[in-house]
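S.K.: Give me a model of this one.
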Amino acid sequence: MAGTPTLAVVLDGLSTAGLDTGCRHGVPWYVSHLGSQLVAALANTSVSLAAGLAEAIERVAALHPGCDLKNPGTPSATVSVLRQRGGYLDHLVLADSPVVFEEHHDFTVITDLRVDEVLPDLRAEVEQYETHTVEHEKALRRFVTAQRQSRNTSTGYWVAAADPEAASHAIVGSTAAEAVRAAAVLSDGASRLVTEYAMATWAEVFAMLRADGPRELLREVRKVEATDPTGRRWPRYKSGDDASVAFCQW
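M.R.: The predicted structure follows:
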């Protein structure tokens with residue numbers, strides 16, 4: 001996660017499931033460098049969010065040319081961005097980390113769930129096993145191996161990796177700032193309190209963020225997950241996913 005007074009960026013690195021990536025640096029390195037390059041590219045408000053993301057992806061790829069950037073498992077990440085530009089709020093969402101607007105009478109959730117449409121049978125196989133079991137680990141590796149073949153293709157889903165073309169497939173838009181009370185930019189590990197676990201509404205999440213800040217939301221996510229450590233109630237890839245949230249008010 002990164003930010004400035006007018007910019008919020010949340011990146012969520014994709015799990016490798018222990019598989020080869022063709023890169024000696026790893027996912028945390030990729031996420032860190034993509035975030036810093038993206039903040040730098042978007043400091044110029046005349047640069048669109050998609051153009052800034054494409055530039056950042058290209059710059060990070062240039063930082064490790066010795067790695068196999070054609071490997072389908074090359075380090076990658078979801079990207080969500082919110083930028084204040086004059087009287088507008090520009091957003092970009094690439095994959096399933098949402099941007100949520102608290103409007104005066106409702107909430108608008110912007111997310112990209114194309115990944116959920118890929119390989120439903122293998123996804124179901126993973127979800128039938130409890131986490132922390134050998135069967136779950138093997139099923140997850142099969143799923144991720146197959147999923148990589150659909151990553152950044154016209155018939156699959158898009159994430160930030162080594163090819164700047166991915167930026168052109170992001171969901172982008174602008175909203176009048178006067179129509180928004182507050183906004184949250186979240187990784188799916190944080191948003192699942194509402195979207196997957198259904199243990200809170202967006203109204204409750206924003207009340208929590210306003211009263212106690214992001215740390216309280218993340219504590220609540222972990223508290224809920226602790227009641228189901230092996231994924232029996234809420235089938236998932238791991239007991240607790242990385243969780244980040246940027247809460248923005250004007």
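S.K.: so what's the most centrally placed residue in the chain up against?
M.R.: Centroid check for the chain by CA atoms, centre = their mean gives Ser97 as the closest residue, at 3.3 Å. Shown in contact with Ser97 (CB atoms under 8 Å, 6 or more residues apart in numbering): Val10, Leu11, Asp12, Thr78, Val79, Ser80, Thr111, Val185, Leu186, Ser187, Asp188, Ser191. Where C-beta positions appear, they are placed from N, C-alpha and C, glycine not excepted.
S.K.: Next up, phi/psi of the third one, please.
M.R.: When read as degrees, to the nearest 10, the backbone of Asp12 gives phi -130, psi 110.
S.K.: That one is in contact with Thr78, isn't it?
M.R.: Yes. If you go by CB atoms under 8 Å, Asp12 and Thr78 touch, sitting 4.5 Å apart.
S.K.: Return every residue with contacts to both of those two.
M.R.: The contact lists of Asp12 and Thr78 share Ala95, Ser97, Ser187, Asp188, where a contact means CB under 8 Å, 6+ apart.
S.K.: Farthest-apart pair in those, please.
M.R.: Ala95 and Ser187 (10.1 Å; CB to CB).
S.K.: of these two, who's got more company?
M.R.: Ala95 (27 against 24; other CB atoms under 10 Å).
S.K.: nearest residue to the more buried one other than its sequence neighbours?
M.R.: What sits nearest to Ala95 in space, not counting adjacent residues and going by CB to CB, 6 or more residues apart in numbering, is Thr78, at 3.6 Å.
S.K.: Thanks a lot, see you next time.
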